[in-house]
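> Kindly generate the corresponding structure for this input.
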Amino acid sequence: MSTDNADYREFLVVINDEDQHSIWFADRDLPPGWRAEGKRGSRDDCLAHIDQVWTDMRPRSVREHLAAQSG
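Numbers count the residues shown, from 1 in each chain. Below is the predicted model of the structure:
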């Protein structure tokens, strides 16, 4: 069994400046432009967390632009 198998690795939920979410291997440096959101766990746990918290998938800049248009 390979230790690279995602079923046995720990992940982080990461978020970028546009409030977009993703997962990243916990033992690797974060890619530029992304920061840890706080959730750490299995791939499935992290993806389930994203499903719960990322309810508006529009990038933040789009949400802000539309809010300015309507306000």
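> Show me the contact partners of the lowest-mean-pLDDT helix or strand in the chain.
One helix or strand of the chain scores below all others by mean pLDDT, DSSP states H and E: helix 60-70, with a mean of 94. By CB atoms under 8 Å, 6 or more residues apart in numbering, the residues outside helix 60-70 that reach it are 17-19, 56, 58. For glycine as for every other residue, the C-beta is placed from the backbone atoms N, C-alpha and C.
> Please, which helix or strand holds residue 24?
Assessed by DSSP states H and E, residue 24 sits inside strand 21-25.
> same question, residue 38
If you go by DSSP H and E, residue 38 is part of strand 34-41.
> Mind listing what's buried along that strand?
By 16 or more other CB atoms under 10 Å, the buried positions in strand 34-41 come out as 34, 37, 39, 41.
> Could you double-check that the last one sits in contact with residue 9?
No: counting by CB atoms under 8 Å, no contact exists between residue 41 and residue 9, whose distance comes to 10.4 Å.
> so where's the chain uncertain?
1-4, 6 (pLDDT under 70).
> one more time with 80, if that's ok
In the predicted model, the chain carries pLDDT under 80 at residues 1-7, 71.
> What separation is there between the nearest residue in space to residue 17 that is not next to it in sequence and residue 14?
Of all residues not flanking residue 17 in the chain, residue 33 sits nearest, at 6.4 Å (CB to CB, 6 or more residues apart in numbering). From residue 33 over to residue 14 the distance is 10 Å, taken as CB to CB, to the nearest Å.
> quick one: which of the two has more around it?
Between residue 33 and residue 14, counted using other CB atoms under 10 Å, the more crowded position is residue 14 (21 against 10).
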